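Visitor: What follows is a predicted protein model with its sequence.
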Amino acid sequence: MDRRDFLSTAGVAAATSIAAATSLSAKADALEHAMMDELDRRVVEPSMFCDIGEEPASYGGDKRPFLQGDDPRLPKMPAQPTLIDFFKLRFAPANHVLQSAAYAQKNGMEEKVILACLLHDIAVGSFIRTDHGYWGAQLIEPYVDEEVSWAIRYHQALRFFPDESVGYEYPEAYYRFFGRDYQPEPYIVEAAEYAQKHKWYMTARLITINDLYAFEPDVQVSVDQFTDIIGRHFRQPQEGLGFDGSPVAHMWRSMIWPNNFL
Ligand SMILES: [Fe+2]
Ligand SMILES: [Fe+2]
């Protein structure tokens, strides 16, 4: 459902609740709720990861069938989706990884590092935020060289640890995000120590060096800029991501149909 089409036909109650919202994000939430009410299926909003610690979802008096299959609020995916289709239709916002990859390219990095920068945070926002380096590495493992997925897995830990010998400082933004007294969990400390001694340490470290912590919303980078690098270094399955029977196919399907009831 296109938001503009919806707004032009929205009922008085929906329009009033959107108008009454006092902030932009509250307006976006009100619009989303009004659009859901217009669907002929019930959509149970997924939480960031799972329902632990939350009240069980209340299904109330709504007797419509639950949503299974294409969510009309999302762009329809092709039957055999490619990585670029995911960038264009699902990864949102992709600007951070696109900017990081463009920065790595400008810095003259080799192609596998540019690819690693392009894919390093695809789990954030599109899949699962917590432990995003591990999830992100797993998503791409069957399709890239082991060094690329390894680097993405360990950028998760290494971004918390400065390495002045290569000019990587603790990100200023993390003081704001996590507080000055934040200490990473022991498993992160152990992973960083392991990675620092590994032969591929610099590949993971280069992800953190080219990671743009200061997001630049005005710089727009298109994934098309990386078509050749993706073609050379990402083994796109013929059946499409999500349908190749790989151990991670279900993870890609979950991004195609993120709001299925089950
Ligand atoms: Fe990251
Ligand atoms: Fe990042």
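Guide: Okay, I see it. Ligands and ions are numbered 1, 2, ... in the order given.
Visitor: how deep is I209 tucked in, by neighbour count?
Guide: The number of residues packed near I209 is 22, by other C-beta atoms under 10 Å. To be clear about C-beta, it is placed using only N, CA and C from the backbone, and glycine gets the same treatment.
Visitor: for whichever strand or helix holds it, packing partners?
Guide: If you go by DSSP states H and E, I209 is part of helix 201-210. The contact analysis (3 or more C-beta pairs under 8 Å, 6 or more residues apart in numbering; DSSP states H and E) places helix 201-210 against helix 95-106, helix 111-119, helix 146-158.
Visitor: so after the last one, what's the next helix or strand?
Guide: Once the chain leaves helix 146-158, the next helix or strand it forms, by DSSP H and E, is helix 172-178.
Visitor: and the next element down the chain from that following helix?
Guide: helix 186-196.
Visitor: Residue numbers of the stretch 101-250 of the chain in contact with ligand 2?
Guide: 121, 211 (C-beta under 5 Å from the ion).
Visitor: try it again with 6 Å
Guide: By C-beta under 6 Å from the ion, the residues of the stretch 101-250 of the chain that approach ligand 2 are 120-121, 211.
Visitor: looking at these, which has the most residues close by?
Guide: H120 (31 neighbours).
Visitor: which residues does that one contact?
Guide: By C-beta atoms under 8 Å, 6 or more residues apart in numbering, the contact list for H120 reads 97, 100, 133, 136, 151-152, 155, 207, 211.
Visitor: Name the nearest residue to the residue in the stretch 151-262 of the chain that ligand 2 sits nearest to, ignoring sequence neighbours.
Guide: With C-beta to the ion, the shortest gap between the stretch 151-262 of the chain and ligand 2 falls at D211, namely 4.1 Å. Nearest-residue entry for D211: S100, 5.5 Å, with adjacent residues in sequence omitted and distances by C-beta to C-beta, 6 or more residues apart in numbering.
Visitor: Fine, thanks again, bye for now.
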